[in-house]
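> show me how the following folds:
(one chain, ligands or ions: 1)
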Amino acid sequence: MKAAIYPGSFDPVTYGHLDIIRRASEIFDELTVSVLNNKTKTPLFSVEERVKMLKEATSDLPNVTIDSFSGLLIDYAAKKNINVAIRGLRAITDFEYELQIAQTNRKFSDGKLDTVFLTTSLEYAYLSSSTVKEIASFNGDISECVPDFVGRMIYEKYR
Ligand code: ADP
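Sure thing, here's the model as predicted:
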């Protein structure tokens, strides 16, 4: 059985993330989507809120589990006995950063943790959690970026 982890901030989850989650869940037998509790970032949503949103947004995918972690991805993956990480690539600008992380993870896990990249579907290539938050903060329309219930939670934060 082949399992993978899709780690990220997901602050909040967008249709871009959900597209990667659905496609990865078709390639792997089990997919764990895990919210990184990153102390160096100031998120809009708490880890608990992000986990809850992801659970609701992926409730139709039976082989997808939602979790959270802090610390190094290689340690978390080793504990779960999973050796594949999924990352999405939107544009060439993502590539340099992602390449460095993937190589670091492979090196420091002694080759145990490899990264599989899925390229973004063209209709979501422009999407990022930060853009969605910025548009919402000015009361713009984010209905094409995130599921409705996520949109409501974002507007709630900016009220
Ligand atoms: P990070 O984990 O880098 O803080 P995110 O939670 O936004 O940021 O992203 C998690 C993963 O999802 C990354 O691999 C990122 O490249 C990917 N991703 C983000 N937005 C999209 C999108 N619109 N389409 C495809 N992949 C995306």
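> flag every buried residue along the helix or strand bottoming out on mean pLDDT in the chain.
Of all the helices and strands that make up the chain, helix 92-108 has the lowest average by mean pLDDT, DSSP states H and E, namely a mean of 93. Across helix 92-108, burial judged by 16 or more other Cβ atoms under 10 Å covers Asp94, Glu98, Ala102, Asn105, Arg106. No exception for glycine: its C-beta is placed from N, CA and C like everyone else's.
> do the same with stretch 53-61
Of all the residues in stretch 53-61, those buried under the rule 16+ other Cβ under 10 Å are Met53, Leu54, Ala57, Thr58, Leu61.
> check stretch 73-87 too.
Leu73, Ile74, Tyr76, Ala77, Ile82, Asn83, Val84, Ala85, Ile86, Arg87.
> just those residues: which are in strands?
Among these, the residues falling in strands (DSSP state E) are Val84, Ala85, Ile86, Arg87.
> which of those lies closest to the ligand?
Among these, Arg87 lies closest to the ligand (Cβ to the nearest ligand atom), at 3.5 Å.
> and the gap between that closest one and Tyr155?
According to Cβ to Cβ, to the nearest Å, Arg87 stands 29 Å off from Tyr155.
> residue contacts, Lys39?
By Cβ atoms under 8 Å, 6 or more residues apart in numbering, the contact set of Lys39 is Ser70.
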